[in-house]
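Trainee: Build me a model:
(one chain, ligands or ions: 1)
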Amino acid sequence: MTKDAAPECDLLVRNAYVITLDEQRRVYPSGAVAIRGRRIAAVGPDAEVGTAYISARTIDADGGAVHPGLVDAHAHMTLHTTRGAFPDSPSEAQSQDYFTIWMQAVDDDDEYASALLAGLEMLRNGVTCFLEPGTAYEPGAVASAAQRIGIRGSVADAYLWDRVSPGYHRLDRAPADHARAMKLLGGQLARNSDPDALVRGHVGLYGAATASDELERAAKAAADERGAILTQHQSFYADDVADDDARFGGHPLAHFAEIGVLGPNCTFSHMNAIRDDETQHVVDSGMTIVWMPGNYMFYGVAEFFKQRAAEMYHLGVPVAFGSDVAKVWGFGEQGYIGFLLARAHGQFLSAEEIMEMASRSGARSVGLQDQLGSLAPGMLADIVIRATGVAESHPPANPVRDIALLSRTKAVDTVIVDGRVVLRHGHATLVEDEEVFSLADASAHRLADRVALPPAMIWPDGQDGRVP
Ligand SMILES: [Zn+2]
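Mentor: Reported below is the predicted structural model:
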């Protein structure tokens with residue numbers, strides 16, 4: 001290339017309303033993004049960036065919004081196929097029983113099929129990266145599914161726990177056993193030796209009162225030594241919180257601070273109970289909270305603990321979103337649910353804050369805040385392009401409000417992950433949508449038979465035992 005030749009790139013997105021989420025939160029109403037390899041080469045006005053590059057491929061966004069891919073910071077990829085199969089009955093005990101029976105029955109093919117469907121659905125809803133909390137018996141099945149569909153992810157070792165508590169599922173393949181947990185701990189971090197790995201590894205404890213202090217310390221040490229994230233379920237429901245309070249003789253976050261297992265590499269999920277003496281520990285630690293407003297409402301947690309996620313975010317705590325198991329929701333909807341939940345508890349999060357949480361805080365939750373969560377030169381090219389012409393986008397509102405609260409995931413059209421177009425006009429490009437559906441449906445039907453689930457519909461005469 002001569003000095004005066006135009007720079008080259010592999011993919012150019014032009015004619016876009018670019019919402020960068022960068023440090024200055026720059027917005028380019030007529031913008032362009034140039035991608036070279038896995039990363040963003042340039043972002044700026046179309047008149048500058050769009051005309052400057054010679055590109056192998058150009059996508060005309062037709063004026064649609066373009067923004068960083070969203071992160072689901074807590075998604076049980078291998079349990080996605082339970083959606084639709086389990087009753088919606090608000091009995092947590094009943095639901096937990098079903099989960100245990102289901103988890104006893106799954107094999108590696110079931111885990112792969114579930115993760116493949118979850119990955120496809122995530123892409124279709126603008127989610128480009130997930131964190132699997134450590135409940136896949138075979139993390140490799142989740143990684144294979146993610147690579148096949150082209151979504152970024154992070155996986156952990158299976159069910160690390162050594163203590164029986166209300167949060168514990170009695171699983172033959174993963175008993176609560178200290179020696180077992182210590183043997184597996186950190187095994188998935190080997191994935192991080194490839195700096196370009198699409199699926200990385202983190203340290204995951206199951207959490208929710210199922211870890212001894214010894215296991216907790218070992219997990220934090222492993223995460224620290226290997227520069228990885230430590231995640232766990234924490235302070236979910238009345239019973240696991242009561243168990244923690246009793247065994248620690250105080251509140252769990254204060255205890256964890258005291259034994260030195262909190263830090264900026266901690267990504268703790270649920271965190272529905274944050275008592276006053278725990279607040280400062282959470283703020284001071286630099287940890288990330290994964291907020292699951294759908295789950296909080298589904299299980300009626302408000303009966304025990306008032307919602308504090310918005311308050312924590314305003315205190316400077318990174319708060320990301322997690323779907324947990326998609327029970328009566330899809331991926332990419334937690335921001336909207338969270339907005340309404342915050343309002344119900346007398347708090348307010350702006351659409352712009354919701355977008356920051358889903359992108360920038362999400363990137364932090366998986367330890368990739370230097371590479372993901374915003375559109376800027378050098379960042380990984382994980383990008384969502386939205387269609388125009390969606391009814392909910394009219395009359396035009398603030399585009400960020402449109403994305404976070406109004407049209408939400410309906411307008412997601414094209415998704416780029418790691419510089420590759422993995423979704424185009426709503427369809428996966430690396431795999432046939434129909435193949436994903438048939439694999440997942442067949443697995444779910446097989447499992448539903450083995451688990452002996454009641455019929456899902458209570459019509460015509462309450463045949464599953466519930467009164468219609
Ligand atoms: Zn969970």
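
Trainee: Next secondary structure element downstream of the least confident helix or strand in the chain by mean pLDDT?
Mentor: Lowest on mean pLDDT, DSSP states H and E among the helices and strands of the chain sits helix 92-105, with a mean of 77. Downstream of helix 92-105, the first helix or strand assigned by DSSP states H and E is helix 108-124.

Trainee: mind listing what's buried in that following helix?
Mentor: Buried positions in helix 108-124, judged by neighbour count with 16 or more other C-beta atoms under 10 Å: 110-124. C-betas here are computed from N, CA, C, even on glycine.

Trainee: Could you do stretch 389-396 as well?
Mentor: Result for stretch 389-396 [16+ other C-beta under 10 Å]: buried residues Val390, Ser393.

Trainee: Just give me how far whichever helix or strand Gly294 is part of sits from the chain centre.
Mentor: If you go by DSSP H and E, Gly294 is part of helix 293-298. In terms of C-alpha atoms, centre = their mean, to the nearest Å, the centre of helix 293-298 is set 15 Å apart from its chain centre.

Trainee: swap in stretch 134-152?
Mentor: Taking C-alpha atoms, centre = their mean, one finds the center of stretch 134-152 at 13 Å from the center of the full chain.

Trainee: residues touching the closest residue to Leu439 other than its chain neighbours, list them.
Mentor: Leaving aside its sequence neighbours, Leu439 sits nearest to Ala113 (C-beta to C-beta, 6 or more residues apart in numbering; 4.2 Å). Neighbouring residues of Ala113 by C-beta atoms under 8 Å, 6 or more residues apart in numbering: Thr81, Ala145, Leu439, Ala440, Ala442, Ser443.

Trainee: Just those residues: which are in helices?
Mentor: Counting by DSSP state H, the contacts of Ala113 place Ala145, Leu439, Ala440, Ala442, Ser443 in helices.

Trainee: Show me which pair in those is furthest apart.
Mentor: Comparing all pairs in the ones in helices among the contacts of Ala113 by C-beta to C-beta, the longest separation belongs to Ala145 and Ala442, at 14.9 Å.

Trainee: Tell me which of the two has more neighbours.
Mentor: More neighbours surround Ala145 than the other of Ala145 and Ala442, with 28 against 14 (other C-beta atoms under 10 Å).

Trainee: Which pLDDT does the model give the closest residue to the more buried one other than its chain neighbours?
Mentor: Among residues not flanking Ala145 along the chain, Ala115 sits closest, at 3.6 Å (C-beta to C-beta, 6+ apart). As predicted, Ala115 sits at a pLDDT of 98.

Trainee: Show me where this protein dips below the pLDDT cut-off.
Mentor: 1-4, 90-96, 455-456, 461-468 (pLDDT under 70).

Trainee: Tell me which residue is most central in it.
Mentor: Asp72 (1.5 Å; C-alpha atoms, centre = their mean).

Trainee: I'd say that residue and Leu131 touch.
Mentor: Yes. Contact status for Asp72 versus Leu131: in contact at 7.2 Å, counting by C-beta atoms under 8 Å.

Trainee: who touches both of those two?
Mentor: With C-beta under 8 Å, 6+ apart, Asp72 and Leu131 have common neighbours Gly322.

Trainee: Contact partners for the closest residue to Ser393 other than its chain neighbours?
Mentor: What sits nearest to Ser393 in space, not counting adjacent residues and going by C-beta to C-beta, 6+ apart, is Ser407, at 4.7 Å. Listed by C-beta under 8 Å, 6+ apart, the contact partners of Ser407 are Arg386, Val390, Glu392, Ser393.

Trainee: how about the residues you listed, which pair is most distant?
Mentor: Arg386 and Glu392 (11.4 Å).

Trainee: Going along the chain, name the strands of the stretch 301-450 of the chain.
Mentor: Secondary structure of the stretch 301-450 of the chain (DSSP state E, counting those that start in this stretch): strands located at 319-321, 383-386, 412-417, 420-424, 427-428.

Trainee: Select, from the contacts of Ala113, the two members most distant in space.
Mentor: Ala145 and Ala442 (14.9 Å).

Trainee: Mind telling me what element His255 is part of?
Mentor: Assessed by DSSP H and E, His255 sits inside helix 252-258.

Trainee: Next secondary structure after that helix?
Mentor: strand 266-270.

Trainee: what comes into contact with that next one?
Mentor: Residues from elsewhere that reach strand 266-270 (C-beta under 8 Å, 6+ apart): 73-74, 131, 133, 202, 207-208, 220, 223, 229-236, 285, 287-290, 292, 295-296, 320, 322, 324, 365-366.

Trainee: okay, now Pro252: neighbour count?
Mentor: 25.

Trainee: The one 3 residues further on now?
Mentor: Burial measure for His255: 20 neighbouring residues, criterion other C-beta under 10 Å.

Trainee: show me what contacts it?
Mentor: Contacts of His255 were listed using C-beta under 8 Å, 6+ apart, and they are Asp244, Phe248.

Trainee: Domain-wise, how is the chain divided?
Mentor: The chain breaks down into these domains under automatic domain parsing: 8-68+374-428, 70-365.

Trainee: so which of those gets nearest Asp449?
Mentor: domain 70-365 (9.5 Å).

Trainee: Centre of the chain to the closest one, how far?
Mentor: Centre-to-centre, domain 70-365 and its host chain are 8 Å apart (C-alpha atoms, centre = their mean).

Trainee: Could you report the neighbour count for the nearest residue in space to His270 that is not next to it in sequence?
Mentor: Leaving aside its chain neighbours, His270 sits nearest to Phe236 (4.1 Å; criterion: C-beta to C-beta, 6+ apart). Using other C-beta under 10 Å, the number of residues around Phe236 comes to 25.

Trainee: Isn't Phe236 up against Ala208?
Mentor: Yes. Taking contacts as C-beta under 8 Å, Phe236 lies within contact range of Ala208: 5.3 Å.

Trainee: Need the residues touching each of those two.
Mentor: Gly167, His270.

Trainee: so which of the strands of the stretch 301-450 of the chain gets nearest Val66?
Mentor: strand 383-386 (5.2 Å).

Trainee: in that closest one, what counts as buried?
Mentor: Buried-residue list, strand 383-386, by 16+ other C-beta under 10 Å: Ile383, Val384, Ile385, Arg386.

Trainee: for that strand, packing partners?
Mentor: Here strand 383-386 touches strand 11-19, strand 65-68, strand 412-417, going by 3 or more C-beta pairs under 8 Å, 6 or more residues apart in numbering; DSSP states H and E.

Trainee: Relative to Leu123, how far out is the closest residue to Thr58 other than its chain neighbours?
Mentor: Spatial nearest neighbour of Thr58, chain neighbours left out: Leu12 (4.6 Å); criterion: C-beta to C-beta, 6+ apart. Distance, Leu12 to Leu123, using C-beta to C-beta, to the nearest Å: 21 Å.

Trainee: Next: Tyr237.
Mentor: Taken as C-beta to C-beta, the span from Tyr237 to Leu123 is 31 Å.
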